[in-house]
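Peer 1: Sharing a sequence plus its predicted fold:
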Amino acid sequence: MRDTATTCSLPDILLDWYDTHARIMPWRVPPADRAAGVQPDPYRIWLSEVMLQQTTVATVRDYFQRFTTRWPTVGDLAAAPDADVMGEWAGLGYYARARNLLKCARVVVEQHDGQFPADYATLLKLPGIGPYTASAVSSIAFDLPYTVLDGNVERVMARLYDIHTPLPAAKPELMVKAQALTPPYRPGDYAQAIMDLGATICTPKSPACGICPWRDPCLARKSGTATELPKKLPKKAKPIRHGTVYLARREDGAWLLETRPDKGLLGGMLGWPGSAWVDANDSRPAGQAPIEAQWYTAAGEVRHTFTHFHLMLTVMRADLAGDPSPEMGLFIPAKDFRPSDLPTVMRKAFDLIQ
C-alpha cells in the first residue's frame, strides 16, 4: 500500500491539535505559556520522566507533587537522606530508579553546578539516564530536536504507517519513522503532543479514530488494522518464586526491620527480614528467623507480581518480650515507623497481620 502520510504537514496538524487539547500535567508548561516565553524546569521534566517509566500518569501525579513539595530543586533532592527519598518512592516500584535518582541529582550538583546539561551526549553520562530519558529531557526541557519513542509513540507510528513487524523487533523501524516526523521547530511541544495522542486518542483498545487529528493519513485506519497494532511477540510465562518474611514487634511497639542491600531487587528499601526468594519447585528456605522467638504463621499469604516473576510469601509473626537482640535488622520505634515507607510487597505483609 502506498505511504500517503506527508511528513511536511503531519507535525503542524498535530501541534495545532495539541495547542487545544494538551493534557494538564504538574510538570508541564502549557503550549500557550511556552509560546509566551515560559521555559520548563529541567529538574521537573527529568523527575517526571524517571517516575513515568513503567508507571501510569495517574499514579505519578501524587508522587511528583510530594517530591517537588519536599525537594523543590535538584539541590534539595541531592542533599536529602537516602532513607527519606526511598521512603517517599515506596509504592512506585522499580527501586533502582530511586537509587539512580539520588545519584543523578548529586552528580548534577557536584559536577554541573546544579544545572542539568542542555546537551544530549552529556545527559547520557548521568546515572540512570538512557537514550529515551536523554531524548525526553533534551526535547521537552531544552527544545532540542530529539525524538522520544515510548509505548504511546510506538503505537501511533505502527498504526500511522500500518507496520506489522512485532515488537520489540519493530523498534528500529518505528524510530526511523518517528525521527522523520520530529520537526526542528517546537520539538518539545511535539514530543508531548505525540505522547498525548497515544495516551488519549490512539489508545491500545478502542482507539478514537473518528476524532484523531491524523485520521486521514493513517494507513492502519484505511486498512482496518488499527486495533491489531502494534503487534507483539507472545510473552513468556512468568516463573513463580516463594519465600518467608518475619514480622516481629517489641512490647514497646517497635518493629524489627532491615535496609535491603543497595544492589538487587528492592535495593536500599526498608523491609522485613526474611529468606531468599527461590523457585516455587524448590523447598522453602528454612532457619532464616532474625531472632529467637515463638513464631506464628499468619493466615493467608502475600502474593505480588514483579516484572519478571510472581512471588508468594509466607508471613511469620512474633511478639517479643523485654529488649531482645536480633541477629539481623534493627528495631524501628513505633513513632518512626510508617507502613507507607515500605515497598508494596512488604506493606502487603504488614497488612496481612493487621
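Peer 2: Thanks, I have it. Numbering: from 1, shown residues only.

Peer 1: average pLDDT for the helix or strand hosting residue 258?
Peer 2: Secondary structure here is read from DSSP states H and E; on that basis residue 258 sits in strand 255-259. The predicted model assigns strand 255-259 a mean pLDDT of 91.

Peer 1: buried ones in it?
Peer 2: In terms of neighbour count (16 or more other C-beta atoms under 10 Å), strand 255-259 has its buried residues at 255-258. All C-beta atoms are positioned from the backbone trio N, CA, C, and that covers glycine.

Peer 1: go on, stretch 297-312?
Peer 2: 298, 301-302, 304, 311.

Peer 1: What mean pLDDT does it get?
Peer 2: 90.

Peer 1: how far does that stretch stretch from start to finish?
Peer 2: Using C-alpha to C-alpha, to the nearest Å, the end-to-end distance of stretch 297-312 comes out at 14 Å.

Peer 1: Run the chain-centre distance for that stretch.
Peer 2: When C-alpha coordinates are averaged (C-alpha atoms, centre = their mean, to the nearest Å), stretch 297-312 and its chain have centres 21 Å apart.

Peer 1: How about stretch 112-121?
Peer 2: Relative to its chain's centre, stretch 112-121 lies at 22 Å (C-alpha atoms, centre = their mean).

Peer 1: And for stretch 256-267?
Peer 2: Taking C-alpha atoms, centre = their mean, the mean C-alpha location of stretch 256-267 is offset from the chain mean by 19 Å.

Peer 1: Renumber starting at 618 from here on
Peer 2: Happy to do that; since the first residue is 618 now, the last one works out to stretch 873-884.

Peer 1: Show me the contact partners of it.
Peer 2: 700, 712-713, 716, 863-867, 885-890, 907-908, 923, 937, 943, 945-949, 954, 960, 962-963 (C-beta atoms under 8 Å, 6 or more residues apart in numbering).

Peer 1: Return the subset of these lying in helices.
Peer 2: Taking DSSP state H as the definition of helices, the contacts of stretch 873-884 contribute 700, 713, 716, 962-963.

Peer 1: Tell me the one of the residues you listed nearest residue 778?
Peer 2: residue 713 (34.0 Å; C-beta to C-beta).

Peer 1: if I look at the residue nearest to the closest one when sequence neighbours are not counted, how far off is residue 931?
Peer 2: When the adjacent residues along the chain are set aside, residue 713 lies closest to residue 884, with 6.4 Å between them (C-beta to C-beta, 6 or more residues apart in numbering). Counting by C-beta to C-beta, to the nearest Å, the separation of residue 884 from residue 931 is 23 Å.

Peer 1: cool, residue 643 as well?
Peer 2: Relative to residue 931, residue 643 is positioned 40 Å away (C-beta to C-beta).

Peer 1: Looking only at neighbour counts, state which of these two leads.
Peer 2: In this view residue 643 and residue 931 are compared by other C-beta atoms under 10 Å, and residue 931 has more residues nearby, 18 against 12.

Peer 1: from what I can see residue 717 touches residue 750, true?
Peer 2: No - counting by C-beta atoms under 8 Å, residue 717 stays clear of residue 750, with 10.1 Å between them.

Peer 1: out of those two, which sits in the more crowded spot?
Peer 2: Neighbours were counted for residue 717 and for residue 750 using other C-beta under 10 Å; residue 750 has more, 21 against 16.

Peer 1: what is the rounded mean pLDDT of the helix or strand containing that one?
Peer 2: Counting by DSSP H and E, the element that carries residue 750 is helix 748-753. Per-region confidence: helix 748-753 scores 96 on mean pLDDT.

Peer 1: What ranges does the stretch 818-967 of the chain have for its strands?
Peer 2: Counting by DSSP state E, counting those that start in this stretch, the stretch 818-967 of the chain forms strands over residues 857-867, 872-876, 887-888, 895-896, 913-914, 919-922, 927-937, 947-949, given from the N-terminal end onward.

Peer 1: quick one, the first one and strand 872-876 angle?
Peer 2: Just to be clear, that refers to strand 857-867. Taking axes from the mean of the first three to the mean of the last three C-alpha atoms, to 10 degrees, strand 857-867 and strand 872-876 form an angle of 130 degrees between their directions.

Peer 1: Report the angle between strand 857-867 and strand 927-937.
Peer 2: Compare the direction of strand 857-867 with that of strand 927-937 by the same axes, to 10 degrees and you get 20 degrees.

Peer 1: mean confidence score for strand 857-867?
Peer 2: Summarised as a single mean, pLDDT over strand 857-867 is 92.

Peer 1: How far off centre is that strand?
Peer 2: Taking the mean of its C-alpha atoms, strand 857-867 sits 26 Å from the chain's own mean (C-alpha atoms, centre = their mean).

Peer 1: and residue 856, how many neighbours?
Peer 2: Other residues near residue 856 come to 12 when the count uses other C-beta under 10 Å.

Peer 1: which one is it nearest to, not counting chain neighbours?
Peer 2: With sequence-adjacent residues excluded and distances taken as C-beta to C-beta, 6+ apart, residue 856 is closest to residue 926, at 4.9 Å.

Peer 1: Distance of the one you found relative to residue 886?
Peer 2: On the measure of C-beta to C-beta, residue 926 and residue 886 end up 18 Å apart.

Peer 1: do the same with residue 753
Peer 2: If you go by C-beta to C-beta, the gap between residue 753 and residue 886 works out to 26 Å.

Peer 1: the more surrounded of these two?
Peer 2: Per other C-beta under 10 Å, whichever of residue 753 and residue 886 has more neighbours is residue 753, with 27 against 24.
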